[in-house]
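Participant: pasted the sequence and its predicted model underneath.
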Amino acid sequence: MNEKQKQALTVGLIFAVLLGFIIGYWYMMSVRETIERSIKKQEELAAEIKSNEARLKEIRDFMENKDELEEMLARVEKAKRRLPDDPEAIEFLAILTDSLNKTGVSVSEVSPRDPINRTMYVEIPYFIKGSARYHEFGQLLNLIECHPDRFMRVSTFKMFKNDQRPSIHPVEAQIATFMFKESS
């Protein structure tokens, strides 16, 4: 081989190495981006699988615990019965009359007040005025607050001094009952 052929061969080899390096670099960069995208996608899918497995475990645990589910449904049904969807003043007055008879509290006035609209329910207040012994009045308030058939709350109560009959006190109370309000 002569000198020109050696130079041509050297230039060709340098050009081939340079071309190989450029092609290799381009290939590595495009493959690297693909690998990075694949790794990122794999991590996303792994996180989604982990989330779905946790949710599936919650569902299985919930389904396996049927006793707790039935108990929760019974509590919801009981609360639903105690919070009716109409005012039922007759039912409230029957409960009040029964409670008054049980405790011996005498009433001189029972009057409804304007209903108060809340987000999920309507509060229906009643003003009650009468007279009672201290213990009897406490029993009445307890019977109202703890009644098993209807949600009721004693909002306010007052007991006054009576100089003519020290053992019987004038009393006032504001009692609220509630009505479930259907969402529209």
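Facilitator: Yep, that arrived.

Participant: where in this structure is pLDDT low?
Facilitator: 79-89, 182-184 (pLDDT under 70).

Participant: where exactly do the strands run in it?
Facilitator: Assigned by DSSP state E, the strands in the chain fall at 106-112, 116-117, 121-132, 152-159, 169-180.

Participant: for this structure, longest helix please?
Facilitator: What stands out as the longest helix in the chain, according to DSSP state H, is helix 3-64.

Participant: coming back round to it: how about CSV for the strands of the chain, with distance to Gly24 and mean neighbour count added?
Facilitator: Quick note: C-beta positions are derived from backbone N, CA and C, even for glycine. Output for the strands of the chain, formatted as CSV (distance: least, CB to CB, whole Å; neighbours: other CB atoms under 10 Å):
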stretch, distance to Gly24, mean neighbour count
strand 106-112, 90, 12
strand 116-117, 76, 10
strand 121-132, 74, 18
strand 152-159, 81, 15
strand 169-180, 74, 19
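
Participant: okay, those in CSV with distance to Glu68 next?
Facilitator: Listed next are the strands of the chain as CSV, based on distance: least, CB to CB, whole Å:
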stretch, distance to Glu68
strand 106-112, 40
strand 116-117, 34
strand 121-132, 26
strand 152-159, 29
strand 169-180, 25
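
Participant: Ala74 versus Asp67, what's the distance?
Facilitator: From Asp67 over to Ala74 the distance is 11 Å, taken as CB to CB, to the nearest Å.

Participant: quick one: Leu143 from Leu13, how far?
Facilitator: Where Leu13 is concerned, Leu143 sits at a distance of 106 Å (CB to CB).

Participant: the more surrounded of these two?
Facilitator: It is Leu143, of Leu143 and Leu13, that has more neighbours when counted by other CB atoms under 10 Å, with 18 against 10.

Participant: I figured Ser155 hits Thr177, correct?
Facilitator: No - at 10.8 Å, Ser155 does not count as touching Thr177 under the criterion of CB atoms under 8 Å.

Participant: how many neighbours does Leu140 have?
Facilitator: 26.

Participant: which residues touch it?
Facilitator: Ser99, Leu100, Thr103, Val105, Ala132, Ala173 (CB atoms under 8 Å, 6 or more residues apart in numbering).
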